[in-house]
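[1] Sequence first, then the predicted structure, then my questions.
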Amino acid sequence: MKPTNIGGHDYFHKVVDCQWACPAHTPVPEYIRLIAAGHYSDAYMINWRSNVFPGILGRVCDRPCEPACRRGRVDKEPVAICRLKRVAADLKDDITGRLPRPAKTNGKRIACVGAGPASLTVARDLAVLGYQITVFDNGARPGGMMRSQIPKFRLPDDVIDEECGYIIGLGVETRYNQWIGSLRELMAEGWDAVFVGTGAPRGRDAPIPGREEAAKHIHIGIDWLANVAFGHTTKISKRVIVLGGGNTAMDCCRSARRLGGDDVKVIVRSGFEEMKASPWEKEEAIHEGIPIINMRVPKEFRHENGRLTGVLFEIVRAEYDGKGRRSLIPTGEPDEFHECDEVLVAIGQENAFPWIEKDIGLEFDKWDMPVLNEKTLQSTLPNVFFGGDAALGPKNIITAAAQGHEAAISIDLFCRGKKLNDRPPPQFNLVSQKMGIHEWSYDNQVSEEERKKVPVKALEKTLKDIKLELELGFDPFMACAEAERCLNCDVETVFTGKTCIECDACVDICPTECITFTANGEEDDLRGRLKAPAKNNDQALYVSEDLKTGRVMVKDENICLHCGMCAERCPTGAWDMQKFFMQCAEAGTEAKRT
Amino acid sequence: MTYLAKPKLLRADAPRNTLGYTRRDYEGAISTLCAGCGHDSISAAVVQACFDLDIEPHKVAKLSGIGCSSKTPDYFLGASHGFNTTHGRMPSVLTGAALANRDLTYLGVSGDGDSASIGIGQFAHAMRRGVNMTYIVENNGVYGLTKGQFSATADKGSKSKRGVVNNDTPIDLVALALQLGASYVARSFSGDKEQLIPLIKGALRHRGPAFIDVVSPCVTFNNHPGSTKSYDYVREHNDAVNRLDVILPRDQINTTYAPGTLRRIVQHDGSILHLRKLDTDYDPSDRVGAMNYLQERHALGEIVTGLLYVDSSAEDLHRYLNTVEKPLNQLGDAYLCPGSKALDALNASLR
């Protein structure tokens, strides 16, 4: 193998698995260290810059970072990254003084359609550069789907108000209760650019027999959740079936449980493991006494005199073809009937752009999705950009924020007449953390504590009040203990071959045996020859240049604990622990560089 | 050196031996030697060898004298019996322990000062008596604890870190061991674990005195140009005569070698030593030949390494003294004090 290029940001970024997995590339270990040190406001601001909604995401993020967390490879569970983020939001001081000030106007006017996370991110990034932003939304308050679809017991309104308020406070003009019915008309108003962040507002239906007849008792999940969120729906029948296995289904069943549903079940086509819902959301539903029944395909809504009596299901099993595609094969067992009074259909969301005229030059693909450049998020109308669920299909809040940042960069480049593909690079640096012979500026002692569980309010209480937030959040002591579990993967092991005397001290001390000195070879061969075979092909090997004996140093980053023992044991300083800090470019970054 | 304990977190796929232990279970306390010390590599090799051999840690007694080298038993086999003796007295304490309990595996760890200076008499007699032990000398040619004076194994003409030339003739412990009757004699280098680990494994499974001289650079005081025990010098002048593989009776042998390139030696416990010849026609069963070869190469400035001599049919001290098989602490009162009748019979037999 060739020596690893550690000059750019890519190699070391990938070692910080959580940051790599985060769509917005939040510098996770950095803010976790700040939380451990009690610097909650600093931790909050690092988050705020990257993901805009730390308080919201600290409660309801999809957490792509946690399955990626290296701790999960050497311990039972990963670091509770998401809930630590909430700690930063909960325990911070007043940070209004740290927020950027609205800049002097540059005369450019941008319309953002929808007041969800993508639009608000665009607004924030551009408002501070002097753009005049106007956000349109048909609702009365900002937040979009974060407000309308996430139950209040998971995400209280005041958290949404606070974090949306920081953005609106940057001088963003808001036009609430205004439905944009025509993109043509909007564009005729002469905006310099239009950003579409309208989400995926249409819930998929289950068009099976009985749907029409029992329509009064069958609700589309996301619409029902919105009605609950805004107080239009305040109760539900005793027996409820939720169809679907995603996070919306979990929100539906748990909301139903709080509005009078005593006998709430989730019935899903797929197996338990393949359900789209995050594992923790499934756990929470089960914790609230909601059974999840798998491998059942709904066949018919049964009804009597316009009243729903139950749902008939076909029992299936999953079969996979050679390419891993799943098909559901009926097992031949008799169909199963589940009685119920109401059904919530949460089997998926779709995009809908009825307000975008087909003849204005904005192309749609065969799935009725706008044709976009996936990197710049520019549509075929050069001054119209998309982001969030509206852009590339429904995903999650953190992806919406990440796309908002990208769209903001594009809009800024577009308005300045620059090429959209010349995107500003991330800013990063790599700095030694050595303070003394065995002193580092980070706590390199690896905590052996188990993951802390977030304390919750008593179930009896929370099941009675749909607005009562279930989780209490970590207190400072729990937060510190949990933060200490972080392995500091951003403090990188940097190797200098020239100074190495090949004494093996690092090999001998490494607790997880990730360092090997051996003859070079092809990657597959090398991976098998290491002191501990490197089986995770997604994580690159760190290969040095040829050393004095003709061998190379090969490090498998996969299970490195970043304990710094290799560097402490190295007699010549060939190993050093250096902090890699990277933040994605913001709109306007390029302009600031000289 | 670090003062933090090694984190206990393990990789999920950490290998386990037939006893269910991981390599980490054979480690000891965190080393307080200088960073980069060759001795730490030797400790790691001992850990690996004991792991590979499925040795039960509580069946090992590790004894040492005084010095940097003699600190190292604290850094491996934390669950084994240990004894730090007075300076140079490890061999006699070990001999006593071995006589009292032959069920344990005895590992003596010493240094060039501990064995070639103050303890040279002890070393010599342990070898000639045939004590069943593994005797490892961690040989760096200097007194590290007292800031780097030449030891008795420093080569004539080699230079200290301050530039002083050594005028004394060195003691070659391997040559002494060969002459004094050790039945397993090897030399290795702390920077070459591929060679060192099998040599330790073979020694631990050998009956009789097994001696390994491990050249182990002192990074702080003896790793400079002019030293003959530096990483660079040893790598440049290493004349390895063979490569050893230790094969346990339970292992399957599925490698083949060209005729004449492999020597197969069965030890008394059934373990097999596979010696792969390197570039020379070295015969590890020829004691006199071995001594001559060592002298010749040493004169050329080469350091001969590998398994230099082995006699798998050798006897040991227990056989010579006809000692009781059971450990003394397991002999019951009735056996140790057979009563007045037995005493009368004994007295009668001597009249």
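    That came through, no problem.

[2] remind me which residues of chain B are low pLDDT?
    For chain B, residues meeting the criterion pLDDT under 70 lie at B:1-2, B:253-256, B:259.

[3] neighbours of the residue in it that chain A sits nearest to, just the number please.
    At 2.8 Å from chain A, residue B:36 is the closest residue in chain B, using C-beta to the nearest C-beta. C-beta: built from backbone N, CA, C; applies to glycine. By other C-beta atoms under 10 Å in any protein chain shown, the residues close to residue B:36 number 25.

[4] That one looks like it's in a strand, true?
    No - judged by DSSP: H, G, I helix; E, B strand; the rest coil, residue B:36 forms no part of a strand; its state is coil.

[5] quick one: it and residue A:569 touch, right?
    Yes - Residue B:36 lies in contact with residue A:569 (C-beta atoms under 8 Å); the separation is 7.0 Å.

[6] Pull the contacting residues for the closest residue to chain B within the stretch 151-300 of chain A.
    Nearest residue of the stretch 151-300 of chain A to chain B: residue A:279, at 18.6 Å (C-beta to the nearest C-beta). Taking C-beta atoms under 8 Å, 6 or more residues apart in numbering or on different chains as the definition of contact, residue A:279 has no neighbours.

[7] how close does it sit to residue A:272?
    10 Å (C-beta to C-beta, to the nearest Å).

[8] And what about residue A:309, helix, strand or coil?
    strand.

[9] Equivalent analysis for the one 10 residues further on, please.
    For residue A:319, the secondary-structure state derived from three-state DSSP is strand.

[10] And for it, the neighbour number?
    Around residue A:319 there are 10 residues (other C-beta under 10 Å).

[11] The one 3 residues further on now?
    Residue A:322 has 5 neighbours, counted by other C-beta under 10 Å.

[12] One more: the one 4 residues further on?
    Here the count is done by other C-beta under 10 Å, and residue A:326 has 12 residues near it.

[13] shouldn't it be in contact with residue A:316?
    No - when contacts are counted by C-beta under 8 Å, residue A:326 is not listed as touching residue A:316 (10.5 Å).

[14] so which strand or helix has residue A:568?
    helix A:565-569 (DSSP states H and E).

[15] Counting by contacts, list what that helix packs against.
    helix A:505-509, strand A:575-583 (3 or more C-beta pairs under 8 Å, 6 or more residues apart in numbering or on different chains; DSSP states H and E).

[16] State the mean pLDDT of it.
    Across helix A:565-569, pLDDT averages out at 94.

[17] With only the CA atoms kept, save that helix in CSV.
    Extracted C-alpha coordinates of helix A:565-569, given in CSV (Å, rounded to 0.1, in the frame of the first residue of the first chain):
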residue,chain,number,x,y,z
MET,A,565,-0.4,5.2,25.3
CYS,A,566,1.5,4.7,22.0
ALA,A,567,2.6,8.3,22.2
GLU,A,568,3.4,8.1,25.9
ARG,A,569,5.6,5.0,25.3
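
[18] Now do it: distance to the chain's middle.
    35 Å (C-alpha atoms, centre = their mean, to the nearest Å).

[19] residues making contact with it?
    Counting by C-beta under 8 Å, 6+ apart, A:434, A:437-438, A:444, A:493, A:505-506, A:508-511, A:515, A:573, A:575-577, B:1-2, B:4, B:6, B:35-36, B:40 sit against helix A:565-569.

[20] Buried ones among those?
    Buried members of the contacts of helix A:565-569, scored by 16 or more other C-beta atoms under 10 Å in any protein chain shown, are A:434, A:438, A:444, A:493, A:505-506, A:508-511, A:515, A:575-577, B:1-2, B:6, B:35-36, B:40.

[21] What residues does the most centrally placed residue in chain A make contact with?
    For chain A, the residue nearest the mean C-alpha position is residue A:398 (3.9 Å; C-alpha atoms, centre = their mean). Taking C-beta under 8 Å, 6+ apart, we find residue A:398 in contact with A:22, A:23, A:24, A:51, A:57, A:61, A:62, A:64.

[22] which SS class is it?
    Residue A:398 ends up helix, using three-state DSSP.

[23] ok, it to residue A:117 distance?
    Relative to residue A:117, and taking C-beta to C-beta, residue A:398 is found at 8 Å.

[24] how about the helices in the stretch 151-300 of chain B?
    With DSSP state H, counting those that start in this stretch, the ranges of helices along the stretch 151-300 of chain B come out as B:173-180, B:193-204, B:231-237, B:287-299.

[25] just the ones you listed: most buried one?
    helix B:193-204 (a mean of 24; mean count of other C-beta atoms under 10 Å in any protein chain shown).

[26] and the end-to-end length of stretch A:496-503?
    14 Å (C-alpha to C-alpha, to the nearest Å).

[27] Close to chain B: what parts of the stretch 451-594 of chain A are there?
    A:501-505, A:507-509, A:511-513, A:532-533, A:535, A:548-549, A:559, A:561, A:563, A:565, A:568-572 (C-beta under 8 Å from any C-beta of the partner chain).

[28] circling back to that earlier point, if I look at residue B:36 and residue A:569, which residues touch both of them?
    Contacts common to residue B:36 and residue A:569, judged by C-beta under 8 Å, 6+ apart, are residue A:505.

[29] If you rank the contacts of residue A:398 by neighbours, which is first?
    residue A:57 (29 neighbours).

[30] ok, it to residue B:163 distance?
    64 Å.

[31] go on, residue A:196?
    77 Å.

[32] out of those two, which sits in the more crowded spot?
    residue A:196 (29 against 8).

[33] Does the more buried one touch residue A:384 like I think?
    Yes - here residue A:196 reaches residue A:384: they are 6.6 Å apart, a contact under C-beta under 8 Å.

[34] so what sits against both of these two?
    Contacts common to residue A:196 and residue A:384, judged by C-beta under 8 Å, 6+ apart, are residue A:183.
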